[in-house]
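>>> Predicted model, plus sequence, below.
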Amino acid sequence: MSRRVARLLRYFEYDAERYFSSDLAPADVAEQRRGGMERLRQQLVERAPLTLAFGQSLESGISDVQFTSAHRVPFPYRERLPRELKIGSAVTQSKHTQVCDLDGNWRYDVSGSYGVNVFGYDFYKECLSEGYAAAAELGPVLGPYHPAIRDNVIALKAISGLDEVSFHMSGTEAVMQAVRLARYHTGRTHLVRLCGAYHGWWDGVQPGVGNQRRVDDVYTLADLSARTLKVLETRKDIACVLINPLQALHPNADAPGDASLVSSDRSTAFDRSRYTQWLAQIRDVCTRRGIVLIFDEVFTGFRLAYRGAQEYFAIQADMVTYGKTLGGGLPVGVLCGRAALMKRFKDAQPANLSFARGTFNSHPHVMTSMAAFLRRIRDPQVQQIYAQADAQWNTRVQSLNRSLADAGLPVRLANLHSILTILYVAPSRYNWMLQFYLRAEGLELSWIGSGRMIMSLNYTDADFAEVASRFQRAAQQMHNDGWWWSAPHLSNQWIKRQMFKDMLAYRFKWLAPRTQHSPADGIVAALKPGH
């Protein structure tokens, strides 16, 4: 259904007049916004000309750059925006909690390097230095194992609570292997994923938008729903259930990003106790029904706790996948599982195999850097960080939210541990502009903008206080520039309806007089199913 809807959606863009008043703001507010964007543009260009020029030189040659550039903001605004506000993402140095661009500007990193950076960049530089030194005499010898692999396996078995380990080149590959083995040993066809959960870019776990192949062996079920438990109890074709524990922050919703930030109805619903009980119910039904429970901890592993989400939510899975930070700064995917599930052949059927290999599996430099990482996180100092991190980040976020409320700014933060997302508490079509104000204040976000801020655990109270100060200044300037203008007609429902009308008007020109310039929503009622 989501793919069908996506095919019906047609591209359009706002002209110069409508760009700054798509919420029907008056001319003086539109001019205020125009002036704010121009000041931002000048500020970014003056501060980072080399970085911006380098970024532009990549746009015609790297498809990833083209993709991320096109999905920073809602699509009706994206064509004009790159001409006004350009983003450069080249960096040459890192230290502690900061990164430095080509122009020598140091910014506080709140991107987390997509989740790799759990303990701060200096920590990983040391892991990499140790790892490269330990494997220097071997180089890229593949096939034979570096001796470091044995200690890694021992540590990972203890951390995961499982029997065996296999190494892969990415988190996506580890998930692929887990699902393949679950089907192999259960003889069943289908996997279950929970609504909104991300498990890598493999089409077998991505049945909706983004994958053109029809996927008919996946059930996407609701998080925190008794009906999901009933499906697990009654279906006989379910091989495994995939859990991405990060969904606890926003159950039944896709990962937040500014490209979909059309209104202010982004929400979170993190309740640790409730989600723990929910996972325990899934664990119980999977045990009784012979369904393999897989925790996808590529993102949450080694962040939420020493033993990851399994420890944080007090659940033991049958299989666990890891990645990101575990490589000590190098790419890696790992699968841990019960011995009976990890076996890739049948003793009585010599040709009945579950094949999985990879040229760079167990690369010696990855193994030695991983060994350094696993040694370091056992240090008492790191264990103390784990012990206090959850309460510490809750306190920090609560403090920043009080400051934002006291200042009358319509923005708040929600968090799961050290993973933050930005919420908007007043209706607006322009919330996505905040990412550019944050960047102007020296904060490094990922390409999804304000949807997720991933903080490393080495942030001190002083570091966070500085980030909080910059965050509030950015929000205040955005407020001063008129982007959060309000009016009686402006509600989240009206914004979404108006967006729908604009799409209709640009596709069917004869509708334009009825749709573009009025808060009325009669056209929407006329187009509801059944009319």
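Yep, it's here. Residues are numbered from 1 along each chain as shown.
>>> After the helix or strand residue 436 falls within, which helix or strand is next?
Assigned by DSSP states H and E, residue 436 falls within helix 434-440. With elements assigned by DSSP H and E, the helix or strand that comes after helix 434-440 is strand 443-444.
>>> Please pull up the helix or strand immediately following that following strand.
Going down the chain from strand 443-444, the next helix or strand is strand 453-454, by DSSP H and E.
>>> roughly how far is the next helix or strand after that next one from the heart of the chain?
With elements assigned by DSSP H and E, the helix or strand that comes after strand 453-454 is helix 461-480. Relative to the centre of its chain, helix 461-480 is centred 22 Å away, using CA atoms, centre = their mean, to the nearest Å.
>>> which helices and strands does helix 461-480 pack with?
helix 27-47, strand 106-109, helix 380-406, helix 434-440, strand 443-444 (3 or more CB pairs under 8 Å, 6 or more residues apart in numbering; DSSP states H and E). In this view, the C-beta of every residue, glycine as well, is placed from N, C-alpha and C.
>>> Taking helix 380-406 as reference, get the angle to it.
In terms of direction (axes from the mean of the first three to the mean of the last three CA atoms, to 10 degrees), helix 461-480 departs from helix 380-406 by 30 degrees.
>>> Give the buried residues for helix 461-480.
463-464, 466-468, 470-472, 474-475, 477-479 (16 or more other CB atoms under 10 Å).
>>> Next: stretch 335-355.
Of the residues in stretch 335-355, 335, 336, 337, 338, 341, 342, 344, 354 count as buried by neighbour count, 16+ other CB under 10 Å.
>>> can you pull the contacts of the first one?
By CB atoms under 8 Å, 6 or more residues apart in numbering, residue 335 lies in contact with 165, 166, 168, 174, 177, 178, 319, 320, 321, 322, 342.
>>> At which residues are the helices of the stretch 201-350 of the chain located?
Assigned by DSSP state H, counting those that start in this stretch, the helices in the stretch 201-350 of the chain fall at 226-234, 272-289, 308-312, 339-342.
>>> between these, which one is nearest to residue 71?
Between residue 71 and these, the tightest spacing by CB to CB is seen for helix 308-312, at 27.8 Å.
>>> now for the closest one, which elements pack on it?
Helix 308-312 is packed against strand 292-296, strand 319-323, with contacts defined by 3+ CB pairs under 8 Å, 6+ apart.
>>> residues making contact with that helix?
159-161, 245, 272, 295, 297, 300-302, 304-305, 315-317, 320, 322, 390, 417.
>>> Please indicate which of these are buried?
159-160, 245, 295, 297, 300-302, 304-305, 315, 317, 320, 322, 390, 417.
>>> Among those, which one sits closest to residue 95?
Nearest member of the buried ones among the contacts of helix 308-312 to residue 95, counting by CB to CB, is residue 302, at 21.6 Å.
>>> Was I right to think the closest one contacts residue 118?
Yes: contact status for residue 302 versus residue 118: in contact at 5.9 Å, counting by CB atoms under 8 Å.
>>> circling back to that earlier point, ok, so of the contacts of residue 335, who is nearest residue 349?
Set against residue 349, the nearest of the contacts of residue 335 by CB to CB is residue 342 (17.3 Å).
>>> what's the closest non-adjacent residue to the closest one?
Counting by CB to CB, 6 or more residues apart in numbering, residue 342 lies nearest to residue 164, which is 4.2 Å off, once chain neighbours are set aside.
>>> What is the neighbour count of that neighbour?
17 (other CB atoms under 10 Å).
>>> you'd agree it is up against residue 337?
Yes: applying CB under 8 Å, one finds residue 164 in contact with residue 337, separated by 6.1 Å.
>>> before we move on, the earlier item: between which two of the buried residues of helix 461-480 is the distance greatest?
Using CB to CB, these span at most 24.9 Å, a distance reached by 463 and 479.
>>> Could you let me know which of the buried ones among the contacts of helix 308-312 ends up closest to residue 71?
Nearest to residue 71 out of the buried ones among the contacts of helix 308-312 is residue 300 (CB to CB; 24.0 Å).
>>> Next, the closest one: phi, psi?
Note on residue 300: its backbone torsions stand at phi -90, psi -20 [degrees, to the nearest 10].
>>> Which pLDDT value belongs to it?
Residue 300 is assigned 95 on the pLDDT scale.
>>> What residues does the nearest residue to residue 353 once chain neighbours are set aside make contact with?
Using CB to CB, 6+ apart and skipping residues adjacent in sequence, the residue nearest residue 353 is residue 345, 5.2 Å away. Going by CB under 8 Å, 6+ apart, residue 345 touches 352, 353, 354.
>>> isn't the last one right up against residue 184?
If I follow you right, that is residue 354. Yes: counting by CB under 8 Å, residue 184 is a contact partner of residue 354 at 4.1 Å.
>>> that older thread, with mean pLDDT added, can I get the helices and strands packed on helix 308-312 in TSV?
TSV is the format used below for those (pLDDT from 0 to 100):
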stretch	mean pLDDT
strand 292-296	98
strand 319-323	97
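>>> which stretch among those comes nearest residue 122?
Among the helices and strands packed on helix 308-312, strand 319-323 comes nearest to residue 122, with 21.4 Å by CB to CB.
>>> where does residue 155 land in three-state SS?
Under DSSP: H, G, I helix; E, B strand; the rest coil, the three-state class of residue 155 is helix.
>>> on that earlier part again, packing partners of the helix holding residue 436?
Helix 434-440 sits against helix 27-47, helix 461-480, with contacts defined as 3+ CB pairs under 8 Å, 6+ apart.
>>> for the record, mean pLDDT for the last one?
Think helix 461-480. The average pLDDT for helix 461-480 rounds to 98.
>>> who touches that helix?
So helix 461-480 is contacted by 36, 96-97, 108, 110, 396, 399-400, 403-404, 407, 409-411, 433-434, 437-438, 440-443, 455, 459, 484 (CB under 8 Å, 6+ apart).
>>> Give me the buried positions along the helix or strand just after that helix.
Reading on from helix 461-480 to the C-terminus, the next helix or strand found by DSSP H and E is helix 492-507. Of the residues in helix 492-507, 492, 494-506 count as buried by neighbour count, 16+ other CB under 10 Å.
>>> cool, and stretch 17-34?
18-25, 29-30, 32-34.
>>> Hmm, residue 106 and residue 92 touching each other?
No: with contacts counted by CB under 8 Å, residue 92 stays clear of residue 106, the gap being 10.9 Å.
>>> the more surrounded of those two?
Ranked by neighbour count (other CB under 10 Å), residue 92 and residue 106 place residue 106 first, with 17 against 11.
>>> list the contacts for residue 436?
With CB under 8 Å, 6+ apart, residue 436 has these contacts: 40, 44, 85.
>>> before we move on, what about residue 50?
Counting by CB under 8 Å, 6+ apart, residue 50 touches 101, 102, 103.
>>> what pLDDT does the last one get?
Same thing as residue 103. 94.
>>> could we number from 6 for the rest of this?
All right, first residue 6 from here; so that's residue 108.
>>> Next up, the contacts around it.
When contacts are counted by CB under 8 Å, 6+ apart, residue 108 touches 52, 53, 54, 55, 56.
>>> Pull the most distant pair out of the residues you listed.
Taking CB to CB as the measure, those span a maximum distance of 10.3 Å, between 52 and 55.
>>> where does this protein dip in pLDDT?
87, 514-536 (pLDDT under 70).
>>> Need the residue closest to the centroid of it.
With distances taken as CA atoms, centre = their mean, residue 260 lies nearest the centre of the chain, 5.5 Å away.
>>> Count the residues that sit near the nearest residue to residue 280 once chain neighbours are set aside.
In this structure, residue 280 finds its nearest non-sequential neighbour in residue 253, 4.3 Å apart by CB to CB, 6+ apart. The local packing of residue 253 (other CB under 10 Å) involves 28 other residues.
>>> This completes my enquiry, with thanks.
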